[in-house]
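J.: got a predicted structure plus its sequence, pasted below:
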Amino acid sequence: MLNELFILTKIKEGDIKAFEEIFRRYYSPLCWYAAGITGEMEAAEEIVEELFYVFWKDREHLQIFQSVKSYLYKAVRNEALQYCQHKEVKERYREYVLASDATAQQASDPHRQLEYEELQGLIRHTLDKLPGRRLRIFEMHRMEGKKYTEIASLLSLSVKTVEAEMTKALRTLRNEIDNYILTR
């Protein structure tokens, strides 16, 4: 623990050798850990690489109150779970699009088509009412498929700010859709 604190201090001071030591020590075990969660080694490696990139980039502002090992494993766990959730959402959306395409091809129910168009209009209208930054973050994540860390870097925001904005955007959409369903 004392050795890790010393290494962490050196990393915060910009010592690349100390960073490389942490990287070499934890890269492979973290990849296996993430692969156990995601089921995909390629995704796991990407998660761990992104973590180490952010770790080095934000080294001066790191606030680690436990061991470096605990910090890294928790961060990888969170990112891997977020990856799995995102993958699940993408799969559900893909299934929805496939089902929608089949439904659209049949075109036998004009009522469903009208309902679909109403819902699309509601979503567009709701998104148009979002504050500019929130809308941009939502579009970058949901339409462009960017990760929270990437969005934070591009917009010079913290990852927590990106998470908070996405939460607010999704809550707004959910409330509008719930209201639409309840008033039908």
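T.: That came through, no problem.
J.: all helices of this structure, in order?
T.: 2-12, 16-38, 41-57, 68-106, 110-129, 132-138, 148-155, 159-182 (DSSP state H).
J.: between the first one and helix 68-106, what angle do the directions make?
T.: On the basis of axes from the mean of the first three to the mean of the last three CA atoms, to 10 degrees, helix 2-12 is oriented at 60 degrees to helix 68-106.
J.: can you name every helix or strand that helix 2-12 contacts?
T.: helix 16-38, helix 68-106 (3 or more CB pairs under 8 Å, 6 or more residues apart in numbering; DSSP states H and E). In short, each C-beta sits where N, CA and C put it, glycine included.
J.: and the pLDDT at the residue nearest to Glu60 when sequence neighbours are not counted?
T.: Counting by CB to CB, 6 or more residues apart in numbering, Glu60 lies nearest to Lys12, which is 5.8 Å off, once chain neighbours are set aside. On the pLDDT scale, Lys12 is placed at 85.
J.: is it true that Lys12 touches Gln63?
T.: No - between Lys12 and Gln63 there is no contact under CB atoms under 8 Å: 10.2 Å.
J.: neighbour count winner among those two?
T.: Lys12 (15 against 6; other CB atoms under 10 Å).
J.: shaky segments in the chain?
T.: For the chain, the stretches flagged by pLDDT under 70 are 1-2, 100-109, 184.
J.: show me how it divides into domains.
T.: 1-107, 110-183 (the TED database).
J.: how far does the longest one sit from its chain's centre?
T.: Going back to what we said before, that points to domain 1-107. 10 Å (CA atoms, centre = their mean, to the nearest Å).
J.: can you give me the end-to-end distance of stretch 120-140?
T.: With CA to CA, to the nearest Å as the measure, stretch 120-140 spans 19 Å from end to end.
J.: okay, buried residues for that stretch please.
T.: Buried residues in stretch 120-140, defined by neighbour count with 16 or more other CB atoms under 10 Å: Thr126, Leu127, Leu130, Arg134, Ile137, Phe138, Met140.
J.: can you give the contact residues for it?
T.: If you take CB atoms under 8 Å, 6 or more residues apart in numbering as the criterion, stretch 120-140 is touched by 146, 150-151, 154-155, 162, 165-166, 168-169, 172-173, 176-177, 180.
J.: PyMOL command for the buried members of these?
T.: Remark: buried members of the contacts of stretch 120-140, expressed as a PyMOL selection using 16+ other CB under 10 Å:
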select buried, resi 146+150+151+162+165+166+169+172+173+176
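J.: let me know the closest of the contacts of stretch 120-140 to Glu20.
T.: Comparing the contacts of stretch 120-140 against Glu20 with CB to CB places Glu150 closest, at 23.9 Å.
J.: ok, the closest one - contacts?
T.: Here Glu150 is in contact with Met140 (CB under 8 Å, 6+ apart).
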